[in-house]
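requesting a structural model of the entry that follows:
(chains A and B)
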Amino acid sequence: MIEVPTTDWDAERRREAVLEALSLVWDPELALDVVSLGLVYDIRIDGDVVEIDMTLTTPGCPVSEQLPAEAEAAVSAALPEVEVRLQVVWDPPWTPERLTPTALEQLGFAPRR
Amino acid sequence: MANATHAATGDAADGATRAGSAAPFVPGGGATVPPASVPLSFLAAGGVGLWALGLAVWFAADRLVHTPAHPGAVAAVHVGVLAFLTTAVLGAAHQFAPVVARRRLRSVTAARLTLVGMLATAWLLPSGFAHGPESLIAAGAVTGSLTVLLAAWNLSGPLSARDGGVPLVGLRWSIGFLVATVAFGAVYAFNRHAAWFPLLPNRVMAHAHLGLLGWLGLTYVAVAEKLWPMFLLAHRPRARSGAWAVRLLAVGVPFLAAGLLFAVPLLAWPGAAASAAGLAAHLTSLAGAVRHRRRPLELLHGFLFVSVGFLVAGVALGAAAALADVDLADRSRLVAAEVAALVAWLGLAVVGHAHKIVPFIGYSALRARGVSTSPSGRPLLFGDLFHPGVARATLGTASSGFVLAIAGILSTSTALVALGGVGISLTGLLSTLNLAIGPVRVLRRHAAADAPAPTAAALR
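Here you go, the predicted structure:
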């Protein structure tokens, strides 16, 4: 059996699908998605494996502990053919500077200089 | 690094529903937290306690104004401190400590027994004080002592974790002060009429300050160091004021209580100074969190700012009671007003944070039942789980209720204190109903939306 290597185009399409799925996972306290909050640090695609590095706004934040499970489930639902490996990382720690301009705007703040 | 921005669209709800149904949802985010029914039942009981405190203040208004040491007034204060504050704060601690320490309670059954014990204590003791018989007070003291020992043993599981920072350090101290306060109270209960330990005013004050500052105050000061940065999105990596607040209170309160107990000013004054410095550091920490926040001010901050006003008033009244050249009756009124202001400080903070904590726990429980959208169809948010207008009204009734009660005590106006009691009672009623009905309403709408359409045969 001949395996067809994954093309860059496939990886890019999957990356977009991953981001789209993650943008549907909301923080119920802040009413913002995890992408806009800047919680998604890295997405690596290697064949049929998608690895996601994600952080939380603060260690021990009770509601944020639920977000990784939801994020993994959302990506798995959007891309059922791939294996999703999501890990929570703490380095570098999240800071409000990671909020996207849209998120800052929705929170009522302009980006700080 | 991913840095895409996606505007929330109507599709978000469907996506969130998909996400929610694709994986088992664990309330609270892990196996370390107790079932939602544990903290929620404590907090609901605390809400009923606040309602009862208002009624007790209303009934005992005359005693609170003219004879603050009268058993009726003592009963009202114990309703506030036991049925409201201690019950609610213990419930929050049973949720907070396992989450922050990432370590379970020793026993969920023990947590439920703690609530039963607290309910019994909170009603036995005030009833005994108000109208006897004496055996009620003794029974309340025994029940309270056993309950607090049970809670301390249960919480020692998560509190023995090495990580957890300032909040866990503060909680360890505050649970110790809780045990000491109850032991103190038990001695009072069994020696109410004995000559070797008469209830002198300085001894009553030692008990009050140990409970209000050492147990309840230090718990709030410690827990706030975790909650404020989270709720305000305030990143302050070099902030040290919170740690100083915990240290100074932990050191200051024992000296203050011992100095009052044994009437030794050389102990009491340094203790009072350290405690006041700790509270000032606590306010500095709040100011830092507000200054570095990345969220607009909201209802919680209203509760926090009014609460701060009561804390400042309480410290000022305490200082005035200690320093002012007044007669015994005026000094008693100043102390009574100080105690009322400290109860208001903690009360406003508890009710304000309950509007964050209860929706979180309710949200987790709803998600565990498969509810992932609000009645309007978008992803379920905390804000969907209570009515914001009622919550704002609660802030109004709480603020005005406590202001009237304190003003009434200081101006010897029974009518003002009674009116304050009505405001406090309304606060308990409104906040408890508002926070309890919200999740039930969402669950019912979800169930109605999922119900199969009636068949033609059924309609016939």
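
residue contacts, B:Gly401?
Listed by C-beta atoms under 8 Å, 6 or more residues apart in numbering or on different chains, the contact set of B:Gly401 reads B:54, B:420-427. Glycine gets a C-beta too; all of them are placed from N, C-alpha and C.

mind checking which of those are in strands?
Under the assignment DSSP state E, the contacts of B:Gly401 contribute nothing to strands.

what subset of these is also close to chain A?
Near chain A, taking C-beta under 8 Å from any C-beta of the partner chain as the test, no member of these is found.

what mean pLDDT does the helix or strand hosting B:Leu433 have?
Per DSSP states H and E, B:Leu433 falls inside helix B:414-450. Mean pLDDT, computed over helix B:414-450, is 92.

repeat that for stretch A:79-94.
Across stretch A:79-94, the per-residue pLDDT values average to 88.

most centrally placed residue in chain A?
A:Val40 (3.8 Å; C-alpha atoms, centre = their mean).

need the contact list for that residue.
Applying C-beta under 8 Å, 6+ apart, the residues near A:Val40 are A:19, A:22, A:34, A:52-54, A:71, B:2.

try B:Gly438
With C-beta under 8 Å, 6+ apart, B:Gly438 has these contacts: B:359, B:362, B:384-387.

what is the orientation angle of the longest helix seen in chain B with helix B:414-450?
Secondary structure assigned by DSSP state H gives helix B:328-368 as the longest helix of chain B. Helix B:328-368 runs at 0 degrees relative to helix B:414-450, counting by axes from the mean of the first three to the mean of the last three C-alpha atoms, to 10 degrees.

just want the angle from the helix or strand just after helix B:328-368 to helix B:328-368.
Note on helix B:328-368: by DSSP H and E, the next helix or strand toward the C-terminus is helix B:388-410. Here helix B:388-410 runs at an angle of 160 degrees relative to helix B:328-368 (the same axes, to 10 degrees).

buried sites along helix B:388-410?
For helix B:388-410, the neighbour count (16 or more other C-beta atoms under 10 Å in any protein chain shown) marks B:391, B:393-395, B:397-410 as buried.

quick check: mean pLDDT of that helix?
97.

stretch A:28-48 now?
On average, stretch A:28-48 scores 89.

so how far does it reach from one end to the other?
End-to-end span of stretch A:28-48 (C-alpha to C-alpha, to the nearest Å): 31 Å.

list the buried residues in the helix holding B:Leu433.
B:414, B:416-436, B:438-439, B:442, B:446.

hey, where'd the helices end up in chain A?
So, for chain A - with DSSP H - the helices run A:8-22, A:66-78, A:101-106.

got a pLDDT number for residue 74?
Just so you know, I chose chain A. pLDDT, A:Ala74: 92.

wrong one, I was asking about chain B
Taking B:Val74 on its own, its pLDDT is 91.

do the same with B:Val187
87.

doesn't it belong to a helix?
Yes - assessed by DSSP: H, G, I helix; E, B strand; the rest coil, B:Val187 belongs to a helix.

ok, the nearest residue to it once chain neighbours are set aside - how many residues close by?
Closest residue to B:Val187 apart from its sequence neighbours, by C-beta to C-beta, 6 or more residues apart in numbering or on different chains: B:Phe197 at 6.6 Å. By other C-beta atoms under 10 Å in any protein chain shown, 13 other residues sit near B:Phe197.

so which residues on the stretch 201-350 of chain B come close to chain A?
When proximity is defined as C-beta under 8 Å from any C-beta, the stretch 201-350 of chain B approaches chain A at B:226, B:229-231, B:233-235, B:237, B:294-296.

show me those that map onto helices.
B:226, B:229-231.

out of these, flag the one nearest to chain A.
B:Met230 (5.3 Å; C-beta to the nearest C-beta).

tally up the residues packed near the closest one, please.
19.

pick out the most distant pair among the contacts of B:Gly438.
B:Gly362 and B:His387 (13.5 Å; C-beta to C-beta).

between those two, who's got more neighbours?
When neighbours are counted by other C-beta under 10 Å, B:Gly362 and B:His387 differ, and B:Gly362 comes out ahead with 25 against 17.

the nearest residue to the more buried one once chain neighbours are set aside and B:Phe96, how far apart?
Leaving aside its sequence neighbours, B:Gly362 sits nearest to B:Pro439 (C-beta to C-beta, 6+ apart; 3.9 Å). Noted for B:Pro439: a distance of 20 Å to B:Phe96, by C-beta to C-beta, to the nearest Å.

what's the answer for B:Asp163, then?
In terms of C-beta to C-beta, B:Asp163 sits 14 Å off from B:Phe96.

next one: B:Trp51
Distance from B:Trp51 to B:Phe96, by C-beta to C-beta: 24 Å.

pick out whichever of those two has more residues nearby.
B:Phe96 (26 against 23).

show me how far the strand or helix carrying that one is from its chain's centre.
Take DSSP H and E as the rule and B:Phe96 turns out to sit in helix B:87-101. Relative to its parent chain, helix B:87-101 has a centroid offset of 11 Å by C-alpha atoms, centre = their mean, to the nearest Å.

please see if it touches chain A.
Yes - judged by C-beta under 8 Å from any C-beta, helix B:87-101 and chain A are in contact via B:95, B:99-100.

now the residues you listed: which count as buried?
B:95, B:99-100.

okay, those in JSON lines with pLDDT next?
As requested, these are arranged in JSON lines below (pLDDT from 0 to 100):
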{"residue": "B:Gln95", "pLDDT": "91"}
{"residue": "B:Val99", "pLDDT": "86"}
{"residue": "B:Val100", "pLDDT": "86"}
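
show me what contacts B:Gly420?
B:Gly420 neighbours (C-beta under 8 Å, 6+ apart): B:57, B:400-408.

if we go to 7 Å?
B:Gly420 makes contact with B:57, B:401-402, B:404-405, B:408 under the criterion C-beta atoms under 7 Å, 6 or more residues apart in numbering or on different chains.

try B:Ala250
Here B:Ala250 is in contact with B:173, B:218 (C-beta under 7 Å, 6+ apart).

redo that, cut-off 10 Å
For B:Ala250, the contacting residues are B:169-170, B:172-174, B:176-177, B:214, B:218, B:221-222, B:274-275, B:278, by C-beta atoms under 10 Å, 6 or more residues apart in numbering or on different chains.

in helices, which of those appear?
B:169-170, B:172-174, B:176-177, B:218, B:221-222, B:274-275, B:278.

stretch B:226-238: end-to-end distance?
First-to-last distance for stretch B:226-238 - C-alpha to C-alpha - comes to 14 Å.

any idea how far that stretch is from the chain center?
20 Å.

check which residues of that stretch are buried.
For stretch B:226-238, by 16+ other C-beta under 10 Å, it's B:226-236.

ok, which pair from the residues you listed is furthest apart?
B:Leu227 and B:His235, at 14.5 Å, using C-beta to C-beta across those.

verify the contact between A:Ile52 and A:Leu67 for me.
No - counting by C-beta atoms under 10 Å, A:Ile52 stays clear of A:Leu67, with 11.7 Å between them.

what residues are shared contacts of the two?
A:22, A:88.

show the pLDDT at the spatially most central residue of chain B.
Central residue of chain B (C-alpha atoms, centre = their mean): B:Val350, 3.7 Å from the mean position. Per-residue pLDDT puts B:Val350 at 97.
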